[in-house]
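Trainee: Just to be clear, the model below is a prediction. Sequence and coordinates:
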Amino acid sequence: MALIKAAVSLLRTAAQAFMADKVPRLGAALAYYSVFSMAPLLLIAVAMAGWVFGHDAAMGHVAHEIEGLIGRKDALAVQDIIQHSRSPATSLLSTITGVLMLIVGASGVIMGLKDALNTIWGVVPRPGQSLWMTVKETLWSLSALLGTGFLLAVSLLTSAALTATSTYFGTILPGGEGFWHAVNLLVSFASFSTLFALMFRYLPDARVAWRDVAIGALLTGAFFEIGKFLLALYIGTAGVGSTFGAAGSLAVVLIWIYYSAQILFFGAEFTKAYTNTYGSGIVPNGNAQLQETSGRQNQTDPGWQGRQTPDRA
């Protein structure tokens, strides 16, 4: 009973902070960034998975995964965007320009996500940072971008392998396909929970203990899997895309990203509530400081005690 009370209290605290931090607006901003970053980020994941599958097979698996989220018609529209993004360049200059635009476009969503998590964590960059610190932060964002692409590629490879396995065993074992579908669901949960844990741990300009991050990431992963199912059900039955006419596919993608961002950010709020109540607290790193806003609850939380950690290793 005490555990249930503690969980309810943490969820209530997270919900209050969710509204106080204006998280719905942060989700809208992230959805906007994602419009420009979606194709480059997926291109990176396809390129990495293509080393194993080959490009065409990897693209097919990406389309299959997206179809499970937003439906076949809208998945084909996303696939078309990716194909146009990788159109062959006609000169060295256009190739270099294309690569630079790919990096800038894909890193936009990473920077937007980092800024949103900083807002939720209640930290801001220290004023007067040197040019070198700015360069280091940019390189860190690019590293996070490549890491995200790698994790997406690994998730794609694992899902494809499990799908093939379930198809094979479904024909020779009674109930085999259902079992492997459950395994696929668990692997998806583990993959996203790992991704969320890495986001909470390394993206913001602050540090949280791994134990606290793990608890928040597992809850976020569970909410995300439930949310994926409900969003797919809503998009598939409500005819969302047809309401927006020619822009229907883009609207569906924006809606999916927006509500997925709300789940992610609520998980971040829960992580903050947990670590400030039962964990080691959120501590700004050497490049950041606490946000001095009188209305924020963070300043009265036990985990927020002016302690600073060294710069990122």
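Mentor: Yep, it's here.

Trainee: contacting residues for residue 76?
Mentor: Residue 76 is in contact with residue 63, counting by CB atoms under 8 Å, 6 or more residues apart in numbering. Quick note: C-beta positions are derived from backbone N, CA and C, even for glycine.

Trainee: That one: which element?
Mentor: According to DSSP states H and E, residue 76 maps onto helix 72-85.

Trainee: pLDDT score assigned to residue 293?
Mentor: In this model, residue 293 is scored at 49, pLDDT.

Trainee: Can you show me the helices along the stretch 151-300 of the chain?
Mentor: Assigned by DSSP state H, counting those that start in this stretch, the stretch 151-300 of the chain shows helices spanning 176-202, 210-238, 240-243, 248-277.

Trainee: Would you mind finding the most buried of the ones you listed?
Mentor: Highest mean neighbour count among the helices of the stretch 151-300 of the chain (mean count of other CB atoms under 10 Å): helix 248-277, with a mean of 22.

Trainee: count of neighbours near residue 79?
Mentor: 17 (other CB atoms under 10 Å).

Trainee: didn't it look like it was pressed against residue 59?
Mentor: Yes: shown here, residue 79 and residue 59 form a contact pair, counting by CB atoms under 8 Å, at 6.8 Å.

Trainee: Can you tell me how far residue 288 is from residue 123?
Mentor: 4 Å (CB to CB, to the nearest Å).

Trainee: any residues in contact with both of these two?
Mentor: 205, 206.

Trainee: isn't residue 194 right next to residue 217, touching?
Mentor: Yes: taking contacts as CB under 8 Å, residue 194 lies within contact range of residue 217: 7.4 Å.

Trainee: now the strands: where do they sit in the stretch 1-150 of the chain?
Mentor: 123-125 (DSSP state E, counting those that start in this stretch).

Trainee: Now for the nearest residue to residue 266 once chain neighbours are set aside, how many residues are close by?
Mentor: The shortest distance from residue 266 to any non-neighbouring residue, by CB to CB, 6 or more residues apart in numbering, is to residue 18 (5.6 Å). Residues lying near residue 18 (other CB under 10 Å) number 20.
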